[in-house]
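Asker: Take a look and give me a structure for this.
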Amino acid sequence: MTDYTDQNERGEHHHHTVTILVDGVKHEVRRGPWIVSELKEAVNVPAAKVLAKVTPQGLDDLDDAARIEVHEGERFVSHVRSGGSS
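Answerer: Below is the predicted model:
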């Protein structure tokens, strides 16, 4: 199990995890910056799928190489990639 801790200036360890929802399943991950491909791996989303953030405006597809900030209570869904060559 991964230990998501850091130290403050006094050397005390603090856990900084948040609960997010991915495809209807709760996952506890570290709060803060993530590369999307690493977040997908952490929450068991296959690399071949797109991870999209649920926003008030709809779904926001996230590029695998993008850096995002993860916060408590965020919701994500995965889906097959659209488009491609014909």
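Asker: count of neighbours near residue 60?
Answerer: By other C-beta atoms under 10 Å, the residues close to residue 60 number 12. No exception for glycine: its C-beta is placed from N, CA and C like everyone else's.
Asker: same thing with residue 79?
Answerer: With other C-beta under 10 Å as criterion, residue 79 counts 13.
Asker: Adjust the sequence numbering to begin at 451 for everything that follows.
Answerer: All right, first residue 451 from here; so that's residue 529.
Asker: Determine the three-state secondary structure at it.
Answerer: strand (DSSP: H, G, I helix; E, B strand; the rest coil).
Asker: Please apply the same query to residue 491.
Answerer: Under three-state DSSP, the three-state class of residue 491 is helix.
Asker: How about it: what's its closest non-neighbour residue?
Answerer: Nearest residue to residue 491 in three dimensions, chain neighbours excluded: residue 497, at 7.6 Å (C-beta to C-beta, 6 or more residues apart in numbering).
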